[in-house]
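Asks: Return atomic coordinates for the entry below.
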Amino acid sequence: MKIKELTDGWRGDFRALVASITTKLKKNGDEYYDVVLMDSSGTITMKVWEPCTFKILVNQVVEVKGATVQEYNGVLQMAGKSFSVCEDAKPEDFLHRSEFTTESMWKALDTVLNKVEDKYCKELIQAVRMDTDFVERFSKHGAGKKLHGAYIGGLLEHTLRVVQIAYKIALVYGNLNTDLIITSAFFHDIGKLREFSELPASEYGDEGNYLGHLAIGVLEIEKLTAKIPDFPEDVKLKIMHCIASHHGKLEFGAIKLPAIPEAFVVSEADMIDSRLNIFGENTIQGKWSEKNFLLGTAIHSGGFEYEQ
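Replies: This is a model prediction of the structure:
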């Protein structure tokens, strides 16, 4: 039984990886725990109301005895009578992954990246595309810690969709700089490689907490372009601006508001994919969810099935 297959009312013993444990307080001041369980198909939160010692369980596979699944505010939650570490299980077998293969995503991404004609933009893309260490890390990283694409391959999947969406918008409006749009869309979340660690921990480091991935992304472009002889200052600044402004609004974490149309396109493409990913990851067919932090509202699947 996979997490994605669980339904309201399911009962039984269940194995999963403990991705994280958050301590919270009841109304009476006593502690309880939100334990996020993960397998290759997704995540589910288990409420643990009694005091326990959890340190040894994080990032380990556990077996939940007498597990029950219930729907609460449109979201499935799990409860269990007891659980123990499964010494015979491999944590890597339980990591949530994109349903697309790494090879197919890079192939689709390269199809769009290869349309770039500008000499310097092509060199910038190739600088990371030919870096085997970068490709490996980028292929495994999540797109977010919790809000969207928080699974292995999530960053690559999100980047692919943003590049595809942005490119298709550019085709509609013939007066846009398509090379700038594709290049900026490809690099827009590069800072996430340094903002937080790989799954399952996905913990923010000092750079992530002090700077955030937009600022880190700008610094990465500065570093990469410095290695390319005669890289045009104007092109570099526009790519940096697209990265710095891709959250669209200051209250959403943007460093600057989009000041050129290409930056606006990248921002909107990022918005479209991240929001649609939330609809697919956080709704039960035909049910309302609890209020979503990023969207600011409860959400309904509306018959929409997000195909991974």
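Asks: Show the contacting residues for the nearest residue to P261 once chain neighbours are set aside.
Replies: Closest residue in space to P261, ignoring its immediate chain neighbours: L176 at 5.8 Å, by Cβ to Cβ, 6 or more residues apart in numbering. From N, CA and C alone the C-beta is placed, and that goes for glycine too. Applying Cβ atoms under 8 Å, 6 or more residues apart in numbering, one finds that L176 lies in contact with 169-170, 261-262, 265.
Asks: and the nearest residue to F94 once chain neighbours are set aside, which of the three is it?
Replies: By the measure of Cβ to Cβ, 6+ apart, the closest residue to F94 outside its immediate chain neighbours is L17, 3.7 Å from it. In three-state terms, and counting by DSSP: H, G, I helix; E, B strand; the rest coil, L17 is strand.
Asks: contacting residues around the helix or strand encompassing I239?
Replies: Remark: I239 resides in helix 233-244, with elements defined by DSSP states H and E. For helix 233-244, the external contacting residues (Cβ under 8 Å, 6+ apart) are 118, 120-121, 124, 177, 180-181, 183-185, 187-188, 190-191, 214-215, 217-218, 221-222, 225, 254-256, 258-260, 262-263, 266-267.
Asks: still on that earlier bit, now the residue nearest to F94: how far from G205?
Replies: Plainly put, L17 is 22 Å away from G205 if you go by Cβ to Cβ, to the nearest Å.
Asks: of those two, who's got more company?
Replies: L17 (27 against 11; other Cβ atoms under 10 Å).
Asks: The residue nearest to P261 sits in which helix or strand?
Replies: Per DSSP H and E, there is no helix or strand for L176.
Asks: how far away is it from A170?
Replies: From L176 to A170 the distance is 5 Å (Cβ to Cβ).
Asks: Quickly list what's touching both of those two.
Replies: V265.
Asks: Low-confidence ranges, the chain, go.
Replies: The chain contains residues with pLDDT under 70 at 51-56, 143-150, 197-202, 280-293, 301-308.
Asks: residue boundaries of the helices in it?
Replies: Assigned by DSSP state H, the chain shows helices spanning 102-113, 119-129, 132-140, 154-172, 178-187, 192-195, 206-210, 213-226, 233-244, 261-281.
Asks: I am finished for the moment; much appreciated.
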